[in-house]
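> here is a sequence together with a model predicted from it:
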Amino acid sequence: ATSLGSMAFGPLVGGPCSNLTFLRLVRLLRITRVFRVAGLVKLQLSLQTFVIGFRALGWSLVLLTFFVLAASATMCQLVQANLKSTEMDGEIREWLFKRYGTFGRSFWTMFYVTQSGGWPNYVEPLVEHVSVWYAVF
């Protein structure tokens, strides 16, 4: 019986299971599994929602940039005839060129119009001095 007992329980007594650190490690792994299942599901769900929200924000910015590009190209083309006209006051033509004269200037102005609260500063002189139809745009 002694040789059978030493043969069956011998590796446990002198082996890695005799060390309590191994048993503590197994218990710690069980505890982390419980926390992963119970507590971190909400955290994981919150993180996924956060990532999906940023993905939607990115596509919204792409769409907004497309609209600003289209509006700035349209405004730049619409104003070109007024810039070449000699009937308009030179000061107004200079203001038009600074705001809508080139595609880059028009894009910068349309960015301000869509992103700031000061859009009347960029639209009102256009409507008053150039054409009332710009109010529709």
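Arrived safely, thanks for sending.

> can you tell me the SS state at residue 87?
coil (DSSP: H, G, I helix; E, B strand; the rest coil).

> in the chain, spot the helix with the most residues.
Ranked by residue count under DSSP state H, the longest helix found in the chain is helix 40-84.

> how far does it sit from its chain's centre?
In terms of CA atoms, centre = their mean, to the nearest Å, the gap separating the centre of helix 40-84 from the centre of its chain is 9 Å.

> next SSE after it?
Per DSSP states H and E, the first helix or strand lying C-terminal to helix 40-84 is helix 90-100.

> helices and strands around whatever helix or strand comes next after that next one, which ones?
Following helix 90-100 in sequence order, the next helix or strand is helix 103-115 (DSSP H and E). Applying 3 or more CB pairs under 8 Å, 6 or more residues apart in numbering; DSSP states H and E, one finds that helix 103-115 contacts helix 40-84, helix 90-100, helix 119-129. Bear in mind the C-beta positions are built from the backbone N, C-alpha and C, glycine included.

> make TSV out of those helices and add mean neighbour count, distance to residue 108 and mean pLDDT.
Converted to TSV, the helices and strands packed on helix 103-115 look like this (neighbours: other CB atoms under 10 Å; distance: least, CB to CB, whole Å; pLDDT from 0 to 100):
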stretch	mean neighbour count	distance to residue 108	mean pLDDT
helix 40-84	12	8	88
helix 90-100	16	9	89
helix 119-129	15	10	84
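
> distance to residue 112 added to those, as JSON lines?
Output for those, formatted as JSON lines (distance: least, CB to CB, whole Å):
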{"stretch": "helix 40-84", "distance to residue 112": "10"}
{"stretch": "helix 90-100", "distance to residue 112": "9"}
{"stretch": "helix 119-129", "distance to residue 112": "6"}
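
> to residue 22, which of those helices lies closest?
helix 40-84 (25.4 Å; CB to CB).

> what packs against the closest one?
helix 90-100, helix 103-115.

> so it versus helix 90-100, what angle?
Interaxial angle, helix 40-84 versus helix 90-100 (axes from the mean of the first three to the mean of the last three CA atoms, to 10 degrees): 150 degrees.

> the chain should start at 35 in everything you say after this.
With 35 as the first residue, the last one maps to helix 74-118.
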